[in-house]
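> dropping a prediction and its sequence here:
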Amino acid sequence: RKEVEQDPGPFNVPEGATVAFNCTYSNSASQSFFWYRQDCRKEPKLLMSVYSSGNEDGRFTAQLNRASQYISLLIRDSKLSDSATYLCVVTGNPYSGAGSYQLTFGKGTKLSVIP
Amino acid sequence: DGGITQSPKYLFRKEGQNVTLSCEQNLNHDAMYWYRQDPGQGLRLIYYSQIVNDFQKGDIAEGYSVSREKKESFPLTVTSAQKNPTAFYLCASSSREYSYEQYFGPGTRLTVT
């Protein structure tokens, strides 16, 4: 089983649509979870962290289900500017001694919002 | 403005040559990382450094080398031993307190022919 698996995509949706991305992870010891956004041929940028209680940032809602090892991202009222690849990221094994953690990236799901 | 810079943006080399990619940050971050991204693939960790003069291998360190002589700088050398060096290379950094929030530079696209 791959460490972080995402919907393969691509997702092509009209402006104003609601779209949901799913992600599963294999390492039950993972402690932190994130969604990153990567525009074409650019660097990834942190979109939002994902908390057990669920969290919302404007049109974006992230949820975590630790029991199922499942993370989701919901985008409401899609805009053209939301077109990008969305990367699911989890922390893996801790680096020894320093309290920091290795990030494991999913392959990403490409979203295209169509006028 | 604080941030991470990588240079050059595009780099072309002949097979058999070593090449060094630059990464500089002025965020005062302790930790720095190098990743590689291939088309349709997730990012894979090459090397990371949590403090000056110390660095550790990531998942795919073979054929690469790094140094961390200054807090601000973490150059990556792609050696001729790296079998498939053509890729998009991304440098990132993070603070000690929030080590899982990594900030990325704009990347270097390396093409080896």
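Yep, that arrived. Numbers count the residues shown, from 1 in each chain, chains lettered A, B, ... in the order given.
> what does stretch B:19-28 rub up against?
Contact with stretch B:19-28 is made by B:2-8, B:11, B:13, B:32, B:34, B:71-78, B:85, B:89, B:91, B:93, B:95, B:103, B:105, B:108, B:110, B:112, as judged by C-beta atoms under 8 Å, 6 or more residues apart in numbering or on different chains. From N, CA and C alone the C-beta is placed, and that goes for glycine too.
> 7 Å instead?
The contact list for stretch B:19-28, computed with C-beta atoms under 7 Å, 6 or more residues apart in numbering or on different chains, reads B:2-7, B:11, B:13, B:32, B:72-78, B:89, B:91, B:93, B:103, B:105, B:108, B:110.
> could you list which of those belong to strands?
Cross-referencing the contacts of stretch B:19-28 against strands under DSSP state E gives B:4-7, B:11, B:13, B:32, B:76-78, B:89, B:91, B:93, B:103, B:108, B:110.
> how far away is the closest residue to residue B:12 other than its chain neighbours from chain A?
Residue nearest to residue B:12 in three dimensions, not counting chain neighbours: residue B:111, with 5.0 Å by C-beta to C-beta, 6 or more residues apart in numbering or on different chains. To chain A, residue B:111 is 13 Å away according to C-beta to the nearest C-beta, to the nearest Å.
> of the contacts of stretch B:19-28, buried ones?
Buried subset of the contacts of stretch B:19-28 (neighbour count, 16 or more other C-beta atoms under 10 Å in any protein chain shown): B:4, B:6, B:11, B:13, B:32, B:72, B:74-76, B:78, B:89, B:91, B:93, B:103, B:105, B:108, B:110.
> pLDDT value on the most centrally placed residue in chain B, please?
Central residue of chain B (C-alpha atoms, centre = their mean): residue B:34, 3.0 Å from the mean position. What the model reports as pLDDT for residue B:34 is 96.
> for chain B, list the residues in contact with chain A, please.
Residues of chain B lying close to chain A (C-beta under 7 Å from any C-beta of the partner chain) are B:31, B:40-43, B:45, B:50, B:90, B:99-102, B:104-107.
> between the residues you listed, which is nearest residue A:63?
Taking C-beta to C-beta as the measure, residue B:100 is the one of the residues of chain B next to chain A closest to residue A:63, at 18.5 Å.
> show me where chain A has strands.
For chain A, applying DSSP E gives strands covering A:4-6, A:11-14, A:19-25, A:33-38, A:44-50, A:55-57, A:60-65, A:70-75, A:84-94, A:101-105, A:109-114.
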